[in-house]
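Peer 1: Here's my sequence, what's the structure:
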Amino acid sequence: MTEGEALSRDAFLGGKVVLDQPKQGVRSGSDAVFLAAATAARAGDSVLDVGCGAGAAGLCLKARVPDVNLHGLEFQAEYSDLARRNGVNTVWHGDLFAPPPKLFEEPFDWIMTNPPFYRASNSTSPKTDRTIARRAERPLSDWITACLRRLKPKGGFAMVHQIDALPEAMHALHSMVGDIAVLPLQARAGRPAKRMVLTARKGARGPFRLAPPLVLHDGAHHGADREDYSEVATAILRDGAALTF
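Peer 2: Got it, this is the predicted structure:
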């Protein structure tokens with residue numbers, strides 16, 4: 001995002017959350033809403049959104065649980081400024097792997113994150129804000145481990161990622177957390193799931209659970225000029241319902 005770049009005013013949760021995002025660059029969508037829905041924070045909990053961007057996920061959580069103490073950590077200064085302006089309580093500008101020193105002072109009740117999806121490459125393409133946000137310079141296992149270090153004992157962890165990242169995520173999680181639950185996100189019935197929502201508890205001992213996929217759209221194809229979200233997806237995306245699995 002460059003200085004002076006045009007912003008759009010975008011609504012989430014049927015208008016319960018309204019925030020500014022760049023028209024070009026990193027824009028939040030349904031992944032941020034599902035991440036917020038899966039974060040089972042309660043009033044008074046401290047929550048850190050790692051890689052918060054403009055703050056969409058945390059603000060969607062705050063719409064459901066207004067009394068959470070919401071923090072965001074964002075590497076790109078332009079987006080940390082946006083998150084602050086959009087209403088995130090405390091925004092930390094910095095790197096997850098070398099965070100601001102004050103971030104070490106108190107662990108969090110919940111950490112929510114939508115890590116970079118794509119592996120870094122030797123490509124010479126310019127590093128725009130979009131590529132910085134989406135390209136992982138470190139393994140996902142490092143990202144997860146760094147997040148878990150910021151959690152209180154029995155604290156909760158929520159993540160949205162690609163489904164093919166599950167083996168690496170499980171390898172990173174197995175020695176530090178329990179109560180791991182995975183919900184595949186399926187665009188339509190019968191299609192492969194491409195995304196997942198994962199939750200866990202630090203130091204817990206509950207068994208691993210693989211939930212039935214959440215089908216996001218009704219029907220085999222998009223056949224009309226209207227939304228065709230499933231009933232459950234609509235409750236989450238439009239009404240701000242919690243996601244339990």
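Peer 1: right, and residue 94 touches residue 76 too?
Peer 2: No. Using Cβ atoms under 8 Å, residue 94 is not in contact with residue 76, being 10.5 Å away. Where C-beta positions appear, they are placed from N, C-alpha and C, glycine not excepted.
Peer 1: for the protein, where's the lowest mean pLDDT among helices and strands?
Peer 2: None of the helices or strands of the chain scores lower by mean pLDDT, DSSP states H and E than helix 129-134, at a mean of 47.
Peer 1: Now do the nearest residue to residue 235 once chain neighbours are set aside against residue 178, distance only.
Peer 2: Leaving out its chain neighbours, the residue that sits closest to residue 235 by Cβ to Cβ, 6 or more residues apart in numbering is residue 241, at 4.0 Å. Using Cβ to Cβ, to the nearest Å, residue 241 is found at 26 Å from residue 178.
Peer 1: Also residue 25?
Peer 2: Taking Cβ to Cβ, one finds residue 25 at 38 Å from residue 178.
Peer 1: So these two - more neighbours on which side?
Peer 2: residue 25 (20 against 16; other Cβ atoms under 10 Å).
Peer 1: Correct me if wrong, but the more buried one is in a helix.
Peer 2: No. Counting by DSSP: H, G, I helix; E, B strand; the rest coil, residue 25 is not part of a helix but coil.
Peer 1: Now do the phi/psi pair for it.
Peer 2: phi 110, psi -150 (degrees, to the nearest 10).
Peer 1: Walking through this protein, point out its strands one by one.
Peer 2: 7-12, 17-22, 46-50, 69-74, 90-93, 108-113, 118-119, 135-136, 151-162, 177-188, 195-202, 209-210, 214-217 (DSSP state E).
Peer 1: elements contacting the second one?
Peer 2: Packed against strand 17-22 by the contact rule (3 or more Cβ pairs under 8 Å, 6 or more residues apart in numbering; DSSP states H and E) you find strand 7-12, helix 56-64, helix 77-86.
Peer 1: Need the residues that contact it.
Peer 2: For strand 17-22, the external contacting residues (Cβ atoms under 8 Å, 6 or more residues apart in numbering) are 1, 5-12, 27-28, 54-56, 59-60, 63, 82, 85-87, 129.
Peer 1: now swap in the last one and tell me
Peer 2: Counting contacts by Cβ under 8 Å, 6+ apart, the residues outside strand 214-217 that touch it are 30, 183-189, 228-230, 232-233, 243, 245.
Peer 1: rerun at 7 Å
Peer 2: 183, 185-189, 228-230, 232-233 (Cβ atoms under 7 Å, 6 or more residues apart in numbering).
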